[in-house]
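Any chance you can model this:
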Amino acid sequence: MTAANSLIRHDWTSQEVQSLFELPFNDLLFKAQTVHRQFFNPNEVQVSTLLSIKTGACPEDCKYCPQSNRYDTGLEKEKLMAVEKVLKEAAEAKATGATRFCMGAAWRSPKAKDMPYVTAMVKGVKEMGLESCMTLGMLTAEQADELSAAGLDYYNHNLDTSPEFYGEVITTRTYSDRLTTIANVRDAGIKVCSGGIVGMGETVKDRAGLLIQLANMPQHPESVPINMLVRVEGTPLATENDLDNFDFIRTIAVARILMPESHVRLSAGREAMNEEMHALAYFAGANSIFYGEKLLTTANPEANKDLQLFERLGIQPEDRQVERCDDGEEDRIREQIQQAEHDKFFYDAAQA
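Residues are numbered from 1 along each chain as shown. The predicted structure is shown next:
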């Protein structure tokens, strides 16, 4: 076993992880950066773009989410986007430097009538040479297999927080439900994107508990998004206190140490982070970002600001090679897109 392989563990204890959080800040960052350099180029960051393909009218009660139909946040409900429009957005994302295109729909879980549309989106994105990612809520094993057959690279399904704190944030979906969806995705051969949200009033022990759940999976998630709570007026967490910036960076560093091979992503909340905080996060082991001006329904730093900071820090976007479809598959995808344009692939989100 090589020294690097010995760092891949699935048996982290609560005491070990909490001890990492308690390290002096400089010692923790040094340890995280040392681990990071054994698995990644420290001057590369993977760039993704996230598009909301169906917004609002979600029946879940996640206390942080403006898309829940239980809260009055002023968010306008939108119908499922036409496949053609989604693929146009994907092409624009690729042109501005994204290597992965992520599509999110505010569903508890997709219905049978939804699947032909989302699989057509996946196939179209893949044909462009982009990696594909989706987050559609809970998936059955059959739905995961269908997305896998379409060529989906990643599926995002966050655990959000520790099992102990979870009930304070969500009551309409259990922790077990989330773990089952992740298992279905993994069994279908799709890569897993799973992380959580910090700043929701949880303790350090809860942050450790979230990371332990992820790191002790039989296979670490390939992508681990660490979101900072975006407080949206109308949601129950709108008045939550700000998370200390150093506590956020500590969470990034511990995630890097526990899951050395995973991409650790700066996700929601980047709009509130200054350049210095971004630089510290990259040093702590973050090596993936969502890129663009909007992240589902909340603001995100402008793309050119990210590129300007990359240039100042000597960081390059990570180059990802994606296998394209063969000619026969491309023809079939074009037919699906043309059919989508004809049908518009729209239905009322409020009835979904």
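
For the rest of this, base every contact and every neighbour count on C-alpha atoms.
OK.

Please, which helix or strand holds L179?
helix 175-187 (DSSP states H and E).

Following the chain past that helix, name the next helix or strand.
Next element after helix 175-187 (DSSP H and E): strand 191-193.

Counting by contacts, list what the helix or strand following that following strand packs against.
With elements assigned by DSSP H and E, the helix or strand that comes after strand 191-193 is strand 196-198. In this structure, strand 196-198 packs against strand 223-228, with contacts taken as 3 or more Cα pairs under 8 Å, 6 or more residues apart in numbering; DSSP states H and E.

Kindly format the C-alpha coordinates of the strand it packs on as PDB.
Taking C-alpha atoms only, strand 223-228 is exported to PDB below (Å, rounded to 0.1, in the frame of the first residue of the first chain):
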ATOM      1  CA  SER A 223     -17.700  15.400  -5.300                       C
ATOM      2  CA  VAL A 224     -18.400  17.000  -1.900                       C
ATOM      3  CA  PRO A 225     -20.200  20.400  -2.000                       C
ATOM      4  CA  ILE A 226     -19.800  22.400   1.100                       C
ATOM      5  CA  ASN A 227     -22.600  25.100   1.200                       C
ATOM      6  CA  MET A 228     -22.700  28.100   3.400                       C
END
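
what's the helix holding L179 packed up against?
Counting contacts by 3+ Cα pairs under 8 Å, 6+ apart, helix 175-187 packs against helix 141-150, strand 191-193.

can you put these in JSON lines and add distance to V204 and mean pLDDT?
Output for those, formatted as JSON lines (distance: least, Cα to Cα, whole Å; pLDDT from 0 to 100):
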{"stretch": "helix 141-150", "distance to V204": "33", "mean pLDDT": "95"}
{"stretch": "strand 191-193", "distance to V204": "22", "mean pLDDT": "96"}
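
for the ones you listed, which one ends up most surrounded?
Burial of the helices and strands packed on helix 175-187 is given as mean neighbour count (mean count of other Cα atoms under 10 Å); strand 191-193 ranks first at a mean of 24.

Check which helices and strands that one is in contact with.
strand 154-156, helix 175-187, strand 223-228.

Identify all contacting residues around stretch 160-175.
For stretch 160-175, contacts defined as Cα atoms under 8 Å, 6 or more residues apart in numbering pick out 60-64, 159, 195-198, 202, 206-211, 213.

so where do the helices sit in the stretch 151-300 of the chain?
Applying DSSP state H, counting those that start in this stretch to the stretch 151-300 of the chain gives helices spanning 163-166, 175-187, 204-215, 245-258, 275-284.

Report the buried residues of the last one.
Counting neighbours by 16 or more other Cα atoms under 10 Å, one finds that the buried residues in helix 275-284 are M277, H278, L280, A281, Y282, F283, A284.

okay, those residues in CSV with pLDDT and distance to D247 next?
Shown next, in CSV, are those (pLDDT from 0 to 100; distance: Cα to Cα, whole Å):
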residue, pLDDT, distance to D247
M277, 95, 11
H278, 95, 14
L280, 96, 12
A281, 97, 11
Y282, 97, 15
F283, 97, 15
A284, 97, 12
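
Just give me the closest of those residues to R270.
Among these, H278 lies closest to R270 (Cα to Cα), at 8.0 Å.

returning to that earlier point: of all the helices of the stretch 151-300 of the chain, which one is nearest L87?
Of all the helices of the stretch 151-300 of the chain, it is helix 175-187 that lies closest to L87, at 23.4 Å by Cα to Cα.

in that closest one, what's buried?
Under 16+ other Cα under 10 Å, the buried positions of helix 175-187 are Y175, R178, L179, T180, T181, I182, A183, N184, V185, R186.
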